[in-house]
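# Model the structure of this input:
(chains A and B)
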Amino acid sequence: MTQGSHFGSHIPGEDLTLHALQALTAEESAAVQAHVAECELCRAELAAATGDLALVALSAEQQPLPTGARDRFLVRIAEDAKQEEAQPRIAKVIPINRASVGRVSVWAPRVAVAALLIIAAGLSVEIMHLDMRLRRETAVLRSLAEKNAKAQAVVEALTAPSAQRVLLTSIKTPPSPSGRAVYLPSTGALVFQGNNLASLPADKTYELWVIPANGSAPIPAGLFRPDATGNASVVLPDLPKGVPAKAFGVTVEKASGSDTPTAPILLAGAAPAAGE
Amino acid sequence: MSEIPFNPIEASNRSLHEDGDEARLAGSTGTSDQLLMERIRSNDQMAMAEVFDRYGGLVYSVALRVLKEPDQAEDVMQDIFFQLWKGTGSYREGRGSLGAWLAVVARNRAIDSLRRKKPTDSVEDVVLPAKTDLASESERNLMIEKVRVVMKGLTPEQQSLVELAFFEGMSHSEIAAKTGDALGTVKTRIRTALMTLRKGVQG
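Predicted coordinates:
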């Protein structure tokens, strides 16, 4: 580059042309740029030189674009636009008043921690309440489901055509105690209703028995005590399924019940065959 | 660098719309470059396609003239327009016509590619003359024809210098070594050739 031109005066036009052509060294170009930034005249001259280069560029023979070049470019910008849309938007940065930050900076962390602790405690209580509520609701649902199943079994035992229906009466004089058993062998469902039953000492209880048709040992079918009017009932005692009954009987047993019936049998009734 | 309020091309040879009324320009050449650039900044792909259609041939032709390899020339062209799309180091209004800016950037990028070096100049460093409207295809063709006529009027020596300096990217010292002329002589002749071109187009 022309010596002595940095840059008390101006950069020679030749050097500006070379700069526009990128024909100067990096150091020389830097010097030109530094000068042009401050010198309006040289800036204008450099612009003119660049304009000359634009004219030279126009002298290039015009060539058709390669096949598919346009499509390739459009695909490229379309993909770029898609990526731009896919990127999460960055929240706008809001300038913070530094003075305010200085005043609150000491307390801000503590306040934040305290707030978090309060929120956490509140959430814990809320969770505990929700858990308790859930447990209660679950228990109610379970109870309702059990009651519903029991009611269904009662209805089925009372209405099933295959249920064995037996009327048990006192052998001796009236008012004779009696009992009615409805039994569904396939499910083991049994409903017994007793009437005119004598009251018992505290250490005694009535016990209902199922006498299996297959001759096996009597099966205890529930303990019961009559109410003030002599009525009592046994509903769905725990019985095995699929045991047809030959008969039913009621005995008086010790208060805790017995595994085998104790004579005498107070009430007894033979069961007809199923479906009879 | 700031805007250069200088136009090497006389008013009589400028665009008919070189009066700053971009809306009028849109009436004869479609959407003005300025409006297209505004839409591109809003990620309008259609606007970008329109700019590509308008100047893709010019940019590719300049790059191909320098590189002589279609694939490389297309790479340069694609990168320039993609930069325009991304707005990085991008063209800014008030620094001259978009077409002239793209033509110079195409040459510089092609030279960089020829030298197998990273682009040394930010495209923003390209100082443009004031508006030289190339948006209109008819006016662009008119300007191209005029430049060719003037270029043919240069002496063979001047034509050779322009070719070596502009399209082959040789430094003045390389040209001096090649021609055997003094450095100062080379610089002066290059300058003279370009001034002749400028005056020829203005005239």
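# switch to C-alpha atoms for all contacts and neighbour counts from now on
OK.
# Show me the domain layout of chain A.
Listed domain ranges for chain A are A:1-60+A:100-156, A:164-270 (source: automatic domain parsing).
# comparing these, which gets the lowest mean pLDDT score?
Among the domains of chain A, domain A:1-60+A:100-156 has the lowest mean pLDDT, at a mean of 79.
# per-residue confidence for the closest residue to B:M151 other than its chain neighbours?
Ranked by Cα to Cα, 6 or more residues apart in numbering or on different chains and with sequence neighbours excluded, the top spatial neighbour of B:M151 is B:L197, at 6.5 Å. Note for B:L197: predicted pLDDT of 90.
# Show me the residue at the heart of chain B, geometrically.
B:A103 (2.5 Å; Cα atoms, centre = their mean).
# Which strand or helix spans that one?
helix B:98-114 (DSSP states H and E).
# pLDDT averaged over that helix - what is it?
For helix B:98-114, mean pLDDT rounds to 90.
# do stretch B:173-193 as well
According to the model, stretch B:173-193 has a mean pLDDT of 91.
# can that stretch be found next to chain A?
Yes: residues of stretch B:173-193 are located near chain A by Cα under 8 Å from any Cα of the partner chain, namely B:187-188, B:190-191.
# Let's see if you can find the most crowded of the residues you listed.
Highest neighbour count within those: B:I190, with 26 neighbours (other Cα atoms under 10 Å in any protein chain shown).
# which residues touch the closest residue to it other than its chain neighbours?
In this structure, B:I190 finds its nearest non-sequential neighbour in B:L161, 6.1 Å apart by Cα to Cα, 6+ apart. Taking Cα atoms under 8 Å, 6 or more residues apart in numbering or on different chains, we find B:L161 in contact with B:175, B:189-190, B:193.
# If you rank the residues you listed by neighbours, which is first?
Neighbour counts for those (other Cα under 10 Å) peak at B:I190, which has 26 neighbours.
# returning to that earlier point: and the residue nearest to B:I190, what's its pLDDT?
Note on B:L161: pLDDT of 91.
# thinking again about what came up before, so what touches the host helix or strand of the residue nearest to B:M151?
Secondary structure from DSSP H and E places B:L197 in helix B:183-202. For helix B:183-202, contacts defined as Cα under 8 Å, 6+ apart pick out A:13-15, A:17-18, A:49, A:52-53, A:55, B:8-10, B:12-13, B:146-147, B:150-151, B:154, B:158-159, B:161-162, B:165, B:172-173, B:175-176.
# can you tell me which of the residues you listed are in helices?
A:13-15, A:17-18, A:49, A:52-53, A:55, B:146-147, B:150-151, B:158-159, B:161-162, B:172-173, B:175-176 (DSSP state H).
# next one: phi and psi at the residue located most distally from the centre of chain B?
Taking Cα atoms, centre = their mean, the residue of chain B most remote from its mean C-alpha position is B:G180, at 29.7 Å. In terms of degrees, to the nearest 10, the main-chain angles of B:G180 are phi 80, psi 10.
# For chain A, see how far away it is.
Distance from B:G180 to chain A, counting by Cα to the nearest Cα, to the nearest Å: 18 Å.
# I'd say A:A153 and A:V191 touch.
No: contact criterion Cα atoms under 8 Å: A:A153 and A:V191 do not qualify, at 9.7 Å.
# Okay, buried residues for stretch A:64-76 please.
If you call a residue buried by 16 or more other Cα atoms under 10 Å in any protein chain shown, then stretch A:64-76 has these buried ones: A:65, A:70, A:73-74.
# Summarise which helices and strands the host helix or strand of A:L116 is packed against.
Element membership for A:L116, per DSSP H and E: helix A:108-159. Contacts defined by 3 or more Cα pairs under 8 Å, 6 or more residues apart in numbering or on different chains; DSSP states H and E place helix A:108-159 against strand A:178-184, strand A:189-195.
# And those strands: which comes nearest A:R225?
strand A:189-195 (9.5 Å; Cα to Cα).
# Buried residues in whichever helix or strand comes after that closest one, which are they?
Following strand A:189-195 in sequence order, the next helix or strand is strand A:204-212 (DSSP H and E). Buried residues in strand A:204-212, counted by 16+ other Cα under 10 Å: A:204-212.
# Please apply the same query to stretch B:46-55.
B:47-49, B:51-52, B:54-55.
# And the residues you listed, which is closest to chain A?
B:A49 (6.9 Å; Cα to the nearest Cα).
# Is the closest one in contact with A:V75, as I believe?
No: contact criterion Cα under 8 Å: B:A49 and A:V75 do not qualify, at 10.6 Å.
# For chain B, name the helix or strand with the lowest mean pLDDT.
Within chain B, no helix or strand scores below helix B:22-29, which has a mean of 37 by mean pLDDT, DSSP states H and E.
# Quick check: next helix or strand after that helix?
Later in the chain than helix B:22-29, the nearest helix or strand by DSSP H and E is helix B:33-41.
# Please state the mean pLDDT value computed over that following helix.
For helix B:33-41, mean pLDDT rounds to 88.
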